[in-house]
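> Let's see this in three dimensions:
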Amino acid sequence: MQYTSHYRSPMGGILLAADDMGLTGLWFEGQKYFALHLDKANEEKEVPLLDIAKRWLDTYFSGKEPDFSVPLHFRGTQFQREVWEILCTIPYGQLMSYGEIARRLADKRGLPHMSAQAVGGAVGHNGISVIVPCHRVVGSDGSLTGYAGGLEKKRSLLTLEGVDVSRLSLPKKGTAL
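Residues are numbered from 1 along each chain as shown. Predicted coordinates for the structure are as follows:
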């Protein structure tokens with residue numbers, strides 16, 4: 001059973017979802033892939049795990065790096081879960097490129113290379129926004145490519161973390177937004 005709760009952030013409403021194992025979803029209202037892995041049979045109920053996630057968000061949106069973690073329960077393919085685990089290693093206020101994630105994944109799997117585009121697809125389907133920091137991923141050219149919550153939210157999240165977004169560019173026409 002999944003439990004849901006709503007959170008009001010400075011960047012808009014957020015839907016949270018959790019099961020007995022961990023947080024399963026965190027989506028900005030109206031974002032792409034909203035509630036993608038949310039079970040149809042879910043219950044809106046305040047459970048301790050959702051309270052932990054809300055405390056984490058309160059700390060984060062106050063401009064501080066949370067000093068505690070939220071138990072996570074990834075719902076996706078094995079490949080997606082591997083990519084999301086790498087996202088969790090990106091430090092607060094730091095950036096990583098899709099290509100760098102692809103290289104890390106290729107090294108982990110003992111492969112000569114991995115597709116950055118495949119990594120991009122997995123990053124885009126991250127169902128636990130903010131806490132699993134897909135907003136910290138940029139194009140190899142420093143462009144703010146794609147974010148399911150929208151590029152303005154991505155820019156705002158990075159600014160909140162102290163990233164100098166003035167050095168990041170918007171993606172060129174024809175790239176995924």
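> Return the set of buried residues in the helix or strand bottoming out on mean pLDDT in the chain.
Ranked by mean pLDDT, DSSP states H and E, the weakest helix or strand in the chain is strand 42-44, scoring a mean of 90. Buried residues in strand 42-44, counted by 16 or more other C-beta atoms under 10 Å: Asn42. Every C-beta, even on glycine, is put in place using the N, C-alpha and C of the backbone.
> Tell me how confident the model is about stretch 10-24, as a mean pLDDT.
Stretch 10-24 shows a mean pLDDT of 96.
> Tell me how many other residues crowd Val47.
18 (other C-beta atoms under 10 Å).
> give me every residue that touches the residue nearest to it when sequence neighbours are not counted.
Nearest non-adjacent residue to Val47, counting by C-beta to C-beta, 6 or more residues apart in numbering: Tyr3, 4.8 Å away. Tyr3 makes contact with 17-19, 42-47, 49-50, according to C-beta atoms under 8 Å, 6 or more residues apart in numbering.
> separation between Tyr3 and Phe79?
Computed as C-beta to C-beta, to the nearest Å, the Tyr3 to Phe79 distance reads 27 Å.
> Give the residue spans of the protein that score low on pLDDT.
Within the chain, the set of residues satisfying pLDDT under 70 comprises 171-177.
> Show me where it has its strands.
Remark: strands assigned in the chain by DSSP state E are 2-9, 12-18, 23-28, 42-44, 96-97, 137-138.
> list the buried ones in the second one?
Burial within strand 12-18, assessed by neighbour count using 16+ other C-beta under 10 Å, is assigned to 14-18.
> Would you give the sheet partners of that strand, along with the direction of each?
Applying DSSP bridges, strand 12-18 is found paired with strand 2-9 (antiparallel), strand 23-28 (antiparallel).
> again with the fourth one
Based on DSSP bridges, the strands next to strand 42-44 in the sheet, each with its direction, are strand 2-9 (parallel).
> by how many degrees do the longest helix belonging to the chain and strand 23-28 diverge?
Using DSSP state H to define each element, the chain has its longest helix at helix 48-61. Orientation of helix 48-61 against strand 23-28 (axes from the mean of the first three to the mean of the last three C-alpha atoms, to 10 degrees) gives an angle of 40 degrees.
> which strands and helices sit next to helix 48-61?
strand 2-9, strand 12-18, strand 23-28 (3 or more C-beta pairs under 8 Å, 6 or more residues apart in numbering; DSSP states H and E).
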